[in-house]
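*Asks:* Structure for this input, please:
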Amino acid sequence: MFTGIIHAIGKIYAIDQHGADSRFVFNTGNMDLSDLNVGDSIAVNGACLTLIDVGENSFAADISNETLKRTTFSKLEVGSSINLEKAMQLSDRLNGHIVSGHIDGIGKISCLGDDGRSVGYAIVVPKALNRYLSKKGSVTVDGVSLTINAIEENTIKVNIIPHTLSKTIFSEYIAGCQVNIEVDLIARYLDRIIVN
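*Replies:* Modelled structure (predicted):
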């Protein structure tokens, strides 16, 4: 489990394709990996991955065909920047919201612009996710816990404050960028209970 609070910005160091799936090697920048071991979980752009190798400033993870199809990993290249978050511990503060690291769909940034000292982003999400999204509810975009400010049809609007811009890859986004979307975990399970 994660909180949607990014710990570091890293980069993709290598991609090795193995048939339908791939092994990614990630450089973690200034993130301390000394407390991580093979088999631990880490969120990369919001997707929960299992560490299969851990170095001083890098780790490797196998990414299945299913994950490649449901996330933006198939669009990323060597050198692409990524958001990184270690799995939460029970002693941690829950500063964002409860995040599983299971991506629900791929969104697309339709426009962005200054809004005071923040930057406002409009993100088109798959229509199937609309039922899980609500104004002032939570959403995770590339692993970042955000509050939805407005919803218009299947477009959500969020604001990114200067601190978040400097600590995540949001500063690199332009219109047309694809992003991983995870809906609020509670909304997902409530829908399951009510529908069934």
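
*Asks:* Would you mind pulling the contact partners of the helix or strand of the chain with the lowest mean pLDDT?
*Replies:* Least confident helix or strand, the chain: helix 185-195 with a mean of 74, by mean pLDDT, DSSP states H and E. Contact partners of helix 185-195, identified using Cβ atoms under 8 Å, 6 or more residues apart in numbering, comprise His97, Ile98, Val99, Ser100, Asp104, Arg131, Tyr132, Leu133, Ser134, Gly137. C-beta coordinates here come from the backbone N, C-alpha and C atoms, glycine included.

*Asks:* buried residues in it?
*Replies:* By 16 or more other Cβ atoms under 10 Å, the buried positions in helix 185-195 come out as Leu185, Ala187, Arg188.

*Asks:* Show the contacting residues for Asn180.
*Replies:* Taking Cβ under 8 Å, 6+ apart, one finds Asn45, Gly46, Ala47, Thr71, Thr72, Ile103, Ile106, Gly107, Thr140, Val141, Asp142, Gly143 in contact with Asn180.

*Asks:* same deal with Thr71?
*Replies:* Here Thr71 is in contact with Asn45, Ala47, Ile103, Ile106, Asn180 (criterion: Cβ under 8 Å, 6+ apart).
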